[in-house]
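# sharing a model that was predicted from the sequence below.
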Amino acid sequence: MDTPLEGILIIDFSQFLSGPSASLRLADMGARVIKIEQPETGDICRTVYVSNTLLNGESSVFHAINRNKESYQADMKDAMDREKVYRLIEKADIVLHNFRPGVVERLGIDYSSIKKINADIIYGDISGYGKTGPWKNKPGQDLLLQALSGLTGLSGNAGTGPVPVGLAIVDLLAGAHLVQGVLACLYRRANTGEGGQVEVSMLESIMEFQFESITTYYRDGGEPVQRTKSNNAHAYLGAPYGIYETLDGFMALAMGQIPVLGELLSCEPLLGYTEVASWYDERDSIKEILAEHLKTASTQHWLSILEPADIWCAAVYNWKELLDSEGFRILDMIQEVSMSDGYGLKTTRCPIQINDNFMKSEVGMPKLGEHTLKIDEEFSSALSTEDH
Amino acid sequence: MLPLKGITVLEFAQFMAGPSAGLKLADLGARVIKIERPVVGESGRQIAIKNLFIDDDSLVFHTINRNKESYTANLKDPDDLAKIKKLLVQADVMTHNFRPGVMEKIGLDYESVKAINPKLVYGEVTGYGKKGVWAKKPGQDLLVQSLSGATYLTGNKQDPPIPMGIAASDMFTGAHLAQGVLAALYQKTKTGTGSKVSVSLLESTVDMQFEGLTTYLNNGGQVPKRAHFGNALPLLPAPYGIYKTKDGHIALSMIPMDLLFEIIGKELPSTFTEPEATFKKRNKIMAFIGEVMVQEPTDHWLELLEEKNLWCAPVYDYDTILHHEAFLTLEMIQEVETAKGEKIKTTRCPLRIDGERIFSRKSAPTAGEDTERIDKEFHLT
């Protein structure tokens, strides 16, 4: 088994999804992640951000995000607890948090305080909107960022109002960026011995994610986003790009030359669109023609014509259909994890493979404070050994 | 010092996923050299949105390939291939996204490359993994979104499947590739040997859905239900969603029912307080709140909710956010300049290292722009 981050210790103060999704990735790649959780409530994700599926007393969401981690309970406002956490930080490679600006100073875990304890630490944090400006104290929550960032103007059809993405995409992005920054600094430290600070904000993350449309905005003089009237899949692409209803379901059509599609699908009205520019300029009409035509036969019928002609198309699946498909099963993407009390559940694995190995882990989420004692013993004995 | 200073990346990858990883590595300090076909370059140069081009290359290509160099070579020509192999010996990382089998034919598969440079980190992107029924299927963002189940999360209950209107699969796959490559680079500092890092669009898009999928895998297979209207995350209870107001829209995040009803000045119906009502009666509750929200302008509600620190936001378009002080303070927009003097405003790297934002003025290269210089510098001819 090849896990590149073997031996790396991460002290993770982050809560909810953004920071914890980063530490999950680092854990799967071999790092040891210790969550520092406040007494009684723990990570507020345990109580506030929950699905309607409780598994062994905890929300399915918390299970998914926090498997493969340890939990250390500490009240950072209590001097003794704080000292104990400092002892952990002395041994750590990476510290992560996603508190609002100002909080870490009060808790004594801001970068300059931590550097005094551990000079070459890599310190990573996620804020909602950066640390300056009028929004710095605004709650950094996924949907709010989607709403403020312009992202809700991209999905759905024209005239349907703002449509958010049905995933916590801003959290996930910020987490992904944090991982990149932290790993880049870890590489640098291995070469130079220098630690580093990585700062990510949710707003910067979601704005950069929209680089295509924002760059276009500046280029075309600030024209408003124009989603297509129907079958919209990308407001800036021409026909046929979209999802279409068929006789028995839905199918996706990406790029394709319109007259060629017309011929393959025996759809005569499409043959006239010979000008390449018209595939964008007249995309609403083309999509309307396609939508009417594709309704007349089954998904499989159309795919069996288009796929051999190397037209980019696919069926549209829900999770059940995906999980039943051979193409998915071969990826071996589902793993079983179990908690220390033996409670087991299924979840997805890390999407990265190294040297053809899946980086799987059987370790489920920790109960609040589950590892406090063990970690106390481990780190105090490590300390006393060093004292000798 | 940028963390990846001194690293050389050879990017054989095309389109979006691989090059977006290359861009992150470049912004973090690596030197990224695109290896492209002679004359025409990579196919992404011709993929345009809104038919926008800068000289011969699409605007999208420019944004995803800024801060890189370009070296052209015909990989089927033995002389060119020999030069590429010389270059590979001096590189730290290579990435590609050819369909399975292509690199084997060329002789640049991992085993062959490892033989000439065992320290190299080799990153590969596929659509659906390297074996199985979909291995040869085109790995394209919309197709992967469609197969992955993700299109049943966005939009409302009565809507058809709705894809995310952005190349989300590509961008996440690129992010995962960068993560794997960076972890492997770190590992190399310990072990002295490189590794192969593999990601696929499908696995990355499944990973994006890991919260929902974990729920689905353990709840007896109940597929997610999108809310009747205002749907934002099918997993979450009322009031989570977007609501119409008198003059626009407002996003309401996780807000306790009793506090919300106090603010909107309505008595909380007792059926809405039953256990799990926010899940079980989500649509009724959201409809009720929706009828109230539409009666007043957005600012009215924001003022009341923000005063109590409840989580809400207005819904902005680009005109509003891109001119907003809260955005401008981030200095998120930078200008790059092409060799011909064309200036393009685009976003910068979203990471800050050691307290510094990362800017780069270097534009995307024309195909082969740096070939001669690289030939000399790396002693390839």
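Everything's here; your move.

# going forward, measure contacts between C-alpha atoms and count neighbours the same way
OK.

# show the contacting residues for the closest residue to residue B:354 other than its chain neighbours.
Distances taken as CA to CA, 6 or more residues apart in numbering or on different chains place residue A:197 nearest to residue B:354, at 4.6 Å, with adjacent residues excluded. By CA atoms under 8 Å, 6 or more residues apart in numbering or on different chains, the residues touching residue A:197 are A:111, A:122, A:123, A:124, A:185, B:352, B:353, B:354, B:355.

# got a winner among those residues for most neighbours?
residue A:185 (30 neighbours; other CA atoms under 10 Å in any protein chain shown).

# leaving out sequence neighbours, find the closest residue to that one.
residue B:3 (5.5 Å).

# helix, strand, or coil at the one you found?
Of the three states, residue B:3 takes coil according to DSSP: H, G, I helix; E, B strand; the rest coil.

# longest helix in the chain, please.
No chain specified, so I'll use chain A. helix A:169-192 (DSSP state H).

# other chain: chain B
Per DSSP H, chain B has its longest helix at helix B:168-191.

# what about residue 64, how many neighbours?
By default, I'm working from chain A. 25.

# look at chain B instead
25.

# need the contact list for it.
B:16, B:19, B:20, B:23, B:364.

# if you set the cut-off to 10 Å instead, what comes out?
A:211-212, B:15-24, B:44, B:346, B:363-364 (CA atoms under 10 Å, 6 or more residues apart in numbering or on different chains).

# and which of those residues is nearest residue B:124?
Compare each of those with residue B:124 using CA to CA and the shortest gap goes to residue B:18, at 8.1 Å.

# correct me if wrong: that closest one contacts residue B:170.
Yes. Using CA atoms under 10 Å, residue B:18 is in contact with residue B:170, at 8.1 Å.

# list residues touching both of those two?
Joint contacts of residue B:18 and residue B:170 (CA under 10 Å, 6+ apart) are B:125, B:176.

# coming back round to it: roughly how far is the longest helix of chain A from the heart of the chain?
13 Å (CA atoms, centre = their mean, to the nearest Å).

# again with stretch A:191-211
15 Å.

# equivalent analysis for stretch A:143-150, please.
Worked out by CA atoms, centre = their mean, stretch A:143-150 lies 16 Å from the chain centre.

# show me the helices in the stretch 151-300 of chain B, by range?
Assigned by DSSP state H, counting those that start in this stretch, the stretch 151-300 of chain B shows helices spanning B:168-191, B:201-208, B:210-218, B:257-264, B:277-280, B:282-293, B:298-307.

# go through the contacts of residue A:197 and say which is closest to residue A:15.
residue A:124 (13.5 Å).

# so who does that closest one touch?
Residue A:124 neighbours (CA under 10 Å, 6+ apart): A:12, A:19, A:94-98, A:111, A:178-179, A:181-182, A:185, A:196-200, B:352-354.

# beta partners for it?
Here residue A:124 sits in beta bridges with residue A:96, residue A:198, as judged by DSSP bridges.

# need the pLDDT of it.
On pLDDT, residue A:124 comes in at 98.

# ok, now residue B:48?
87.

# equivalent analysis for residue A:380, please.
pLDDT, residue A:380: 83.

# with the one 4 residues further on instead?
pLDDT recorded at residue A:384 is 51.

# least confident secondary structure element in chain A?
For chain A, counting by mean pLDDT, DSSP states H and E, helix A:372-387 ranks last in confidence among helices and strands (a mean of 76).

# which stretches of the stretch 201-350 of chain A form strands?
Under the criterion DSSP state E, counting those that start in this stretch, the stretch 201-350 of chain A carries strands at the ranges A:242-245, A:250-253, A:313-315, A:334-338, A:344-348.

# between those, which one is closest to residue B:97.
Closest to residue B:97 of those is strand A:313-315 (CA to CA; 19.0 Å).

# hmm, back to that, now flag whichever of the contacts of residue B:64 is closest to residue A:29.
Nearest member of the contacts of residue B:64 to residue A:29, counting by CA to CA, is residue B:21, at 18.1 Å.

# next up, the contacts around the closest residue to that closest one other than its chain neighbours.
Leaving aside its chain neighbours, residue B:21 sits nearest to residue B:174 (4.6 Å; criterion: CA to CA, 6+ apart). Residues counted as contacts of residue B:174 (CA under 10 Å, 6+ apart) are B:16-24, B:125, B:168, B:180, B:199-201, B:204.

# switch the contacts of residue A:197 over to a markdown table; also include distance to residue A:145.
Converted to a markdown table, the contacts of residue A:197 look like this (distance: CA to CA, whole Å):
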| residue | distance to residue A:145 |
| --- | --- |
| A:111 | 26 |
| A:122 | 27 |
| A:123 | 24 |
| A:124 | 20 |
| A:185 | 27 |
| B:352 | 19 |
| B:353 | 23 |
| B:354 | 25 |
| B:355 | 23 |
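
# just the contacts of residue B:174: which are in strands?
B:125, B:199, B:200 (DSSP state E).

# so which of these reach chain A?
When those are checked against chain A using CA under 10 Å from any CA of the partner chain, the ones in range are B:199, B:200.

# can I get the ones in strands among the contacts of residue B:174 in JSON lines with pLDDT and neighbour count?
Shown next, in JSON lines, are the ones in strands among the contacts of residue B:174 (pLDDT from 0 to 100; neighbours: other CA atoms under 10 Å in any protein chain shown):
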{"residue": "B:125", "pLDDT": "98", "neighbour count": "27"}
{"residue": "B:199", "pLDDT": "98", "neighbour count": "29"}
{"residue": "B:200", "pLDDT": "98", "neighbour count": "30"}
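
# quick one: the helices in the stretch 1-150 of chain B?
Under DSSP H, counting those that start in this stretch, the stretch 1-150 of chain B gives helices at B:17-27, B:59-64, B:78-89, B:102-106, B:110-116, B:141-147.

# what of the stretch 101-250 of chain A?
A:103-107, A:111-117, A:142-148, A:169-192, A:202-209, A:211-219.

# relative to helix B:168-191, how tilted is the fifth one?
For the pair helix A:202-209 and helix B:168-191, the angle between their directions (axes from the mean of the first three to the mean of the last three CA atoms, to 10 degrees) equals 110 degrees.

# now residue A:117. Nearest residue, chain neighbours left out?
Nearest to residue A:117 is residue A:90, by CA to CA, 6+ apart, at 5.8 Å.

# so the one you found makes contact with residue A:119?
Yes. Using CA under 10 Å, residue A:90 is in contact with residue A:119, at 8.9 Å.

# what's the burial count for residue 272?
All of this is about chain A. There are 11 residues near residue A:272, going by other CA under 10 Å.

# switch to chain B, please.
Neighbours of residue B:272 (other CA under 10 Å): 18.

# just the one 10 residues further on next, same as before
For residue B:282, the count of nearby residues is 20 (other CA under 10 Å).

# so how far is chain A from it?
11 Å (CA to the nearest CA, to the nearest Å).

# is that residue in contact with residue B:236, as I believe?
Yes. Residue B:282 lies in contact with residue B:236 (CA under 10 Å); the separation is 9.1 Å.

# return the residues in contact with the closest residue to residue B:347 other than its chain neighbours.
Ranked by CA to CA, 6+ apart and with sequence neighbours excluded, the top spatial neighbour of residue B:347 is residue B:333, at 4.6 Å. Going by CA under 10 Å, 6+ apart, residue B:333 touches A:207-208, A:211, A:214-215, A:218, B:322, B:327, B:345-349, B:359.
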